[in-house]
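3D, please:
(2 chains)
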Amino acid sequence: MDPLEGMDDSSTDDDNTSQTTEDDPQVPDHSAQAPPAPAPQPSTSTTSSTTSTIPARERPQYQLKHVISGHTMSISAVKFSPDGTLLASCGAENIVKIWNPFTGELIRNLSGHTAGLSDISWSNDSVYLASASDDTTVRIWEVDTGVCHKLLRGHTKWVFCLNYNSTATLLVSGACDGDVKIWDTKRGKCLKTLHAHLDYVTAVHFNRDSSLIVSCALDGLIRIWNTTNGQCLKTLAEGHDAICQQVQFSPNSKYILSTAHDSAIRLWDYQTTRCLKTYTGHVNAKYCISACFSVTGGKWIVAGSEDHKTYIWDLQTREVVQVLEGHQDVVVAVATHPARNMIATGSIDSDLTIRIWEDQRN
Amino acid sequence: MNEALISPFIINHPTAVQTSLYSYRAQLSRFDPSGRFVGVGTFDGTAYIYDMDTKAAVRTLDGHVKNITSLDWSRHSRYVLTSSKDWNVIVWDLSLTCDPPQRFATIRLDAPVSSASFHPRNSQIVLALTSTGEVYLQDLRPSYRERFELCEPQEEGEDEEHSRRAAMTVARFDPSGKHIFIGTSSGHILVFNTRTRVMVGRHKVSGAGGMKGFEFAKSGRRLLTNSSDRTLRQFNLPTYPRPGEGILETELEPTHRFNDPITKTAWNAMSYSPDGEWLAGGSADPASHKIYIWDISNDGQFTTALDGGRDSLLHLHWHPSKSSIVSTALHGNIFIWHSPNPERWGAFAGGFEEVDENVEYEEKEDEFDVEDEEEILKRKMKAEEEDVDVDSLEDDAHQNVQLISQNDEDDHWADQEPDEDATSWKMKIVIMEGGDTLP
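Presented below is the predicted three-dimensional model:
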């Protein structure tokens, strides 16, 4: 991907590649990059050729700040707290870890789950953190004290994904039996169960005013639900090879972003069911890889990839504007800082590190 | 925000009870300007804040010792005002983390308070009406700090009438906060300029009797009055002269009159829908819970009466943006009315559209043409060039609390020393202990 872009668009790209390699001791020179780059796909080559005539847009210059190690098993999620002061991560070893994203220090372990964790979510005030576990429960932690305040029981299978709503009054979780549950966080009670899908629910997300929930599952469907009455409002189906595994509303809740197993990330207008943008270039055919919006500086889409890299696309042009290299294994977890131009990435099996990247133009 | 997806039609009136909340001895309940909360005042003097996401009480406001007569929200819902027969008006700050919440300010008057409200632009300006028929404008801003009694100016030679000045029975800010509307027991509407406290208008409503309640459509151009003749009257408001340029004295002729010609019921409360197209009136019938709905856009025609059982209706309020009404019944039930949509099973299938009746399908000319894949791809790429906006918030939720701003000296006056009511405040979640808590 990257060398190809470098040829198209001279100076800026060269700067980029040199920077990504500089901050990464494991990949010392340019030549090492060329072989692992995937064969350029026709779609992206047309993109770059059309956009090369457009004056070069500003590009991010993310550099590695910290390599945080501490996890002993595959990392499944990393999340910045909404106030930006903390970073939480979880993985297969039953523990949520809270880090200082600026120094990389471990602040606290939240332990209590009896099986691996798949997802975490912060409450809007950064006080509480909810975690979804394979022990079929969801726990709500007070992060400052490390106390588990609520144990939400009700799912019958591994809980795979969860999210708070914007006011932290509700929590939505999805499990491997296809059920989605809506919880009252104050009382710790299940308010509603939606028999949403026929397969692993891999992502659930509230829109800004909590009136809608979007869910997606390995049955390949993205569904939108009315939070108040639990009615299904819409189903978006992708192609047969495009099993969607992560979905979320855009920050203004006008669109949804989905990642699929045909190595494509799509931005949808869910009102009209139209795909507005497709982001390609990374590799994603097997793992549940997360993508996210970056809106603090330039407008980017950030996602992990199975070629051990993290890709950053320009939201509008769909060009890959930077590739972050360094992880030794598949990058499944990414998160963007709520206020600064900072990215956290997490990787699995043979790597087990969290890397913090920061834009040099800050 | 997603009204279009949830219900593709324009705002309809609610038709059925969605949820009923039980609050012991509830007397009135009002949505906040975002529609996230409902504030409930009780006969005991306690107020409760209900969260509409979870339909559960999230705050208990304990401060009054007699029944609560009115409740008002600041424009971004951070402050709540309660007035009570115990002569006090209390302002609560919901952003404080302590539970039970502490009072933010207390205003003590010289008589039982029958209603109080915030200035729409600044919650430090409070309008209060006492049961003795006096209206006070209390300014809590440090450099303005004062209490002013609003009086109808007496013309010379009217001294003997002075002693029989009609008591004030209603006092409300208009939606812009520029004017204060006061209703009197003699059926007059007095209009004061808020900044200068000068009377700028006086209207006689003939045949109405004493004024019991005012309600404004969101635009502020329409006023609805409830009076002792058991009729609701809608008026189009004139433009008032600027302070010092005289007093507009006219008799207002209602554009519509709403009443029940058969039972001749009195009205306890009324509320416009957010778009002003519908009007809901809560009947004071002691043996039933009836909400009358009129279609304003259709010349004020009576549409339906919603029946909520046998507990009489005390108060009702329309949701600030949705087709939803909260109504309070005697004995403590609070009903949340909504307009249910039938479940569309077609929503479960991707790319599937339901039609009401069978349609003879006509194949389009090029429907099954085999197109060059590259062409399709190129066209798709072209379509994807279009810019998208993923993070700016020209949000409907904020439009709900948006104020009619004329950007004149009245607004500047009210905006000085603004309160700390910003959109970014957060209601802290207080996790209830008990239940499934493990170490």
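
what's residue 118 in contact with, if anything?
Going with chain A. A:76-77, A:90, A:132-134, A:158-161 (C-beta atoms under 8 Å, 6 or more residues apart in numbering or on different chains). All C-beta spots, glycine's among them, are computed from the backbone N, C-alpha and C.

hmm, I had chain B in mind actually
B:72-75, B:79, B:81, B:125-126, B:173.

quick one: least confident of the residues you listed?
pLDDT across the contacts of residue B:118 is lowest for residue B:75, at 88.

sec struct for that one, please.
coil (DSSP: H, G, I helix; E, B strand; the rest coil).

shaky segments in chain A?
Counting by pLDDT under 70, the low-confidence segments of chain A come to A:1-57, A:238-241, A:362.

and the helices in it?
Shown for chain A, the helices assigned by DSSP state H span residues A:2-8, A:10-22, A:42-51.

I'd like the contacts of residue B:118 as JSON lines, with distance to residue A:203 and neighbour count appended.
Formatted as JSON lines, those follow (distance: C-beta to C-beta, whole Å; neighbours: other C-beta atoms under 10 Å in any protein chain shown):
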{"residue": "B:72", "distance to residue A:203": "41", "neighbour count": "23"}
{"residue": "B:73", "distance to residue A:203": "35", "neighbour count": "26"}
{"residue": "B:74", "distance to residue A:203": "37", "neighbour count": "25"}
{"residue": "B:75", "distance to residue A:203": "35", "neighbour count": "24"}
{"residue": "B:79", "distance to residue A:203": "37", "neighbour count": "23"}
{"residue": "B:81", "distance to residue A:203": "42", "neighbour count": "25"}
{"residue": "B:125", "distance to residue A:203": "47", "neighbour count": "23"}
{"residue": "B:126", "distance to residue A:203": "47", "neighbour count": "24"}
{"residue": "B:173", "distance to residue A:203": "46", "neighbour count": "25"}
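
now, which of those residues sits nearest chain A?
Set against chain A, the nearest of the contacts of residue B:118 by C-beta to the nearest C-beta is residue B:73 (15.8 Å).

ok, the closest one - contacts?
Contacts for residue B:73 (C-beta under 8 Å, 6+ apart) come out as B:30, B:32-33, B:37, B:39, B:79-81, B:118.

10 Å - rerun?
By C-beta atoms under 10 Å, 6 or more residues apart in numbering or on different chains, the residues touching residue B:73 are B:30-34, B:37-39, B:49, B:79-81, B:94, B:117-118, B:123, B:320, B:401, B:421.

what's across from it in the sheet?
According to DSSP bridges, the partner residues bridging residue B:73 are residue B:80.

got the residues of the stretch 251-400 of chain B near chain A?
Residues of the stretch 251-400 of chain B that fall close to chain A, judged by C-beta under 10 Å from any C-beta of the partner chain: B:321-322, B:324, B:336, B:338, B:340-352, B:373-374, B:377-378, B:380-397.

hmm, which of those are the buried ones?
The neighbour-count criterion (16 or more other C-beta atoms under 10 Å in any protein chain shown) marks B:321-322, B:324, B:336, B:338, B:347, B:384, B:390, B:397 among those as buried.

format those as CSV; extra columns: pLDDT and secondary structure.
Formatted as CSV, those follow (pLDDT from 0 to 100; DSSP: H, G, I helix; E, B strand; the rest coil):
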residue, pLDDT, secondary structure
B:321, 86, coil
B:322, 85, coil
B:324, 90, strand
B:336, 92, strand
B:338, 89, strand
B:347, 83, helix
B:384, 80, helix
B:390, 81, coil
B:397, 45, helix
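
closest to residue A:274 among those residues?
residue B:384 (10.3 Å; C-beta to C-beta).

would you agree the closest one is in contact with residue A:318?
Yes. Taking contacts as C-beta atoms under 10 Å, residue B:384 lies within contact range of residue A:318: 6.4 Å.

nearest spatial neighbour of residue B:103, skipping sequence neighbours?
Of all residues beyond its chain neighbours, the one nearest residue B:103 is residue B:90 (5.0 Å), with distances taken as C-beta to C-beta, 6 or more residues apart in numbering or on different chains.

sheet partners, orientation included, of the host helix or strand of the one you found?
Secondary structure from DSSP states H and E places residue B:90 in strand B:88-93. Using DSSP bridges, strand B:88-93 pairs in its sheet with strand B:79-84 (antiparallel), strand B:103-108 (antiparallel).
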